[in-house]
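[1] kindly generate the corresponding structure for this input.
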Amino acid sequence: MLNLFKSQITSHKIQLLKNTRIFGCRNLTSESNQNTESNVAIFWDLDNKPPKSFPPYDAATKLKLAAHRFGFVKYMIAYANHHAFSYVPPSIRAQRRDTRASNELETMGVIKPDEPYVCRVCGRRFYSNERRINHFKQIHEREQMKRLNKIESARGKKRVDMVAKYSMKMDKYKYAAKDILIPKVGYGLADELKRAGFWVRMVSDKPQAADVALRNQMVDMMDRRTVECLVLVSDDSDFVEVLKEAKLRCLKTVVVGDCNEGALKRTADAAFSWQEIMMGKAKKEAVSVVGKWKDRNVLQRLEWNYDPETEKKLYCDEIDGEKSDLELFSSDESGSLLEEEENDGQWWELEK
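    So this is what the prediction gives:
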């Protein structure tokens, strides 16, 4: 009877342990389904990978849409030195030469535009681009400078009210000036990236200054655990160690670059080219990549790992519980036997 009671207690505890592990697995899977949205940070090495073949604003927008498939894009950071912002791609130079030549021919009356040029600020029409440019500089550029000077001289609440008052006019001027005026330095790379939502930072012209600043920013975010996925736009192999460190900290890594057999793409969890980003192919493939990551996380959560301390503690708890149950059972049984002996008399007495 004692052995039967012991086996019943052991089977009952085993069943409780099984139920606990099953419910624990269900909780893990439910938590993994709930926490599907992860924070993503984009780090752009403009010294190594500027958008030469594509317009900066379009490239930044397409990159953001592709990164959004991996989670919520929380940070968009770009680093470069002065040379990257002052550089003008050959395609932009050729376009500027053609525009200048056509403006001269229009001024001389050799050619006439099919449609008049429209000022996007006031809506006035001109039959030559040169007149539209002069009109924009003489009127709208001066108005913009006056607004900026007023905001700069104001303080406190008055400054906040003036910024809110002129915000629509200033944005309208910026959009119009982008197509009319030629930037004094470069081709407006920093302004276009800022318009797309990037935080652009210029570093010194020392060698590897942008790489060092970008690497320190990535490590700082990894230390603070503010993101779960890193998107690096670069072909520089100096970032291999940073990507390895991110993978050791269980962060997902994505590389965007044109070097197909580079060390970065071999180290990262996923890799895309600029052509795939601009065509939208990366945005479609990112869905399958995220699905594979989720399956891998679920398998890692369900994987059984042997921990000697945990198993030892669990075994000791089971033994202690069995001993307490046996002591309780033995004390109750011995008490009942003593009562029966007192009622029946001494064991050596014969029954009559």
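[2] so what strands line up beside the longest strand seen in the chain?
    Identified as the longest strand of the chain according to DSSP state E is strand 72-80. Strand 72-80 sits in its sheet next to strand 39-45 (parallel), strand 199-202 (parallel), going by DSSP bridges.
[3] who wins for proximity to residue 88 among the ones you listed?
    Nearest to residue 88 among the strands paired with strand 72-80 is strand 199-202 (16.8 Å), distances taken as CB to CB. (C-beta placed from N, C-alpha, C; glycine too.)
[4] after the closest one, which helix or strand is next?
    Counting by DSSP states H and E, the next helix or strand C-terminal to strand 199-202 is helix 209-224.
[5] now find how far off-centre that next one is within its chain.
    Centroid separation between helix 209-224 and its chain, computed with CA atoms, centre = their mean, to the nearest Å, is 15 Å.
[6] repeat that for stretch 59-78.
    Mean-position distance between stretch 59-78 and its chain equals 7 Å (CA atoms, centre = their mean).
[7] go through that stretch and flag the buried ones.
    Neighbour counts over stretch 59-78 (16 or more other CB atoms under 10 Å) mark 59-60, 62-64, 66-67, 69-71, 73, 75-78 as buried.
[8] among the residues you listed, find me the one that's closest to residue 253.
    residue 70 (10.3 Å).
[9] hmm, back to that, what's the distance between the longest strand of the chain and the middle of its chain?
    Worked out by CA atoms, centre = their mean, strand 72-80 lies 8 Å from the chain centre.
[10] please name the bridge partners of the residue nearest in space to the middle of the chain.
    In the chain, the centroid-proximal residue (CA atoms, centre = their mean) is residue 40; its distance is 0.7 Å. Beta bridges link residue 40 to residue 73, residue 229, judged by DSSP bridges.
[11] now do the contacts for it.
    67-68, 70-75, 227-231 (CB atoms under 8 Å, 6 or more residues apart in numbering).
[12] how far away is it from residue 109?
    Residue 40 sits 55 Å away from residue 109, taking CB to CB, to the nearest Å as the criterion.
[13] what does residue 71 give?
    Taken as CB to CB, the span from residue 71 to residue 109 is 58 Å.
[14] same check, this time on residue 47
    Distance, residue 47 to residue 109, by CB to CB: 46 Å.
[15] over to residue 214?
    Distance, residue 214 to residue 109, using CB to CB: 52 Å.
[16] ranges for the strands of the protein?
    So, for the chain - with DSSP E - the strands run 39-45, 72-80, 117-118, 125-126, 199-202, 229-233, 252-256, 270-272.
[17] now do the buried residues in the fifth one.
    To tie it back to what came earlier, the one meant is strand 199-202. Buried residues in strand 199-202, counted by 16+ other CB under 10 Å: 200, 202.
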